[in-house]
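>>> Predicted structure and sequence below. I'll ask about it afterward.
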Amino acid sequence: MEERRSAEAMEASVLESGIVSSGEGLAHVKVRRYDPTAGGQPSYDEFDGIPFADRSVLDVLHSIYQERDPSLAYRHVCTKGFCGSCMLVVNGLPVLACQYPALADMTIEPHPKFPVIRDLVVGLGLDVAEGRKDAVIVGDAAAGSSAEAVSAVGSRADIDPKACVHCQDCVAVCPVGVYSFVSKRVKVIDPDSCLGPSCNMCVDTCWKMAIKMVPRGNHDLQYPIG
């Protein structure tokens, strides 16, 4: 649990890239907007002067919604990194908004794997959303998703096949379907969708410690963990 709560692993890659201010300041935030029911094409709204120091991406979205644009649609439930409902993409990297640290310059988009309902709200499916009361619910699911490519920067989860006992716990907890049970084996089938250290639910759940974070740019599935 300490690994998920620590921002060190999440901040390492973005600090190295030079896009995080080391001091207090105001962020420039670009947010993808889209309402499939209204027709037209996706567009981006830009917001300047948003406080971001020591805040999460979700905190920044709250500020935009409460102080700048109450029409912005986004989703959150637990705010603790457990439910996975606040998944989105920040500067091309899939993350949980409630756990990922806000940056000085951000482009925020919906997770590209799921159909867009409106703005940053995506259709999660009944198997994920059933029984929850979402903090922001907008309209009905409609076709449309972000066409932005997933960044190769950062980390993603992968399995050590020598340690895995194929119990399927990771399949059950992953909010974006990174894993699947295929031919009596648990396999990584969608590494690009992984929310990385901002989620970490599969790593925390794996009682055999067979799952670790690896460089996102490596697409060799079942990465050999030393």
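Looks like it came in fine.

>>> Model confidence for the residue positioned nearest the centre of the chain, exactly?
Taking C-alpha atoms, centre = their mean, the centroid of the chain lies closest to residue 95, which sits 2.4 Å from it. Turning to residue 95, the model gives it a pLDDT of 96.

>>> The residue nearest to it when sequence neighbours are not counted and residue 191, how far apart?
Spatial nearest neighbour of residue 95, chain neighbours left out: residue 198 (4.3 Å); criterion: C-beta to C-beta, 6 or more residues apart in numbering. All C-beta spots, glycine's among them, are computed from the backbone N, C-alpha and C. Using C-beta to C-beta, to the nearest Å, residue 198 is found at 15 Å from residue 191.

>>> Repeat that for residue 179.
Distance, residue 179 to residue 191, by C-beta to C-beta: 10 Å.

>>> Pick out whichever of those two has more residues nearby.
Shown here are residue 179 and residue 191; by other C-beta atoms under 10 Å, residue 179 has more neighbours (24 against 19).

>>> mind listing what the residue nearest to residue 95 touches?
Shown in contact with residue 198 (C-beta atoms under 8 Å, 6 or more residues apart in numbering): 10, 81, 95-96, 99-100.

>>> quick one: which of these is nearest to residue 107?
Closest approach to residue 107 among those (C-beta to C-beta): residue 95, at 12.4 Å.

>>> Okay, domains of this protein per the record?
2-129, 155-215 (automatic domain parsing).

>>> Could you tell me the least trusted of these?
Confidence, taken as mean pLDDT, is least for domain 2-129 of these (a mean of 83).

>>> Now do the helix or strand encompassing residue 170: everything it contacts.
Element membership of residue 170, judged by DSSP states H and E, is helix 169-173. With contacts defined as C-beta under 8 Å, 6+ apart, helix 169-173 is touched by 157, 159, 178-181, 186, 201-202, 205-207, 211.

>>> switch to 6 Å and redo it
For helix 169-173, the surrounding residues in contact (C-beta atoms under 6 Å, 6 or more residues apart in numbering) are 179, 181, 201-202, 205.

>>> Which of the residues you listed fall in strands?
Among the contacts of helix 169-173, the residues falling in strands (DSSP state E) are 179, 181.
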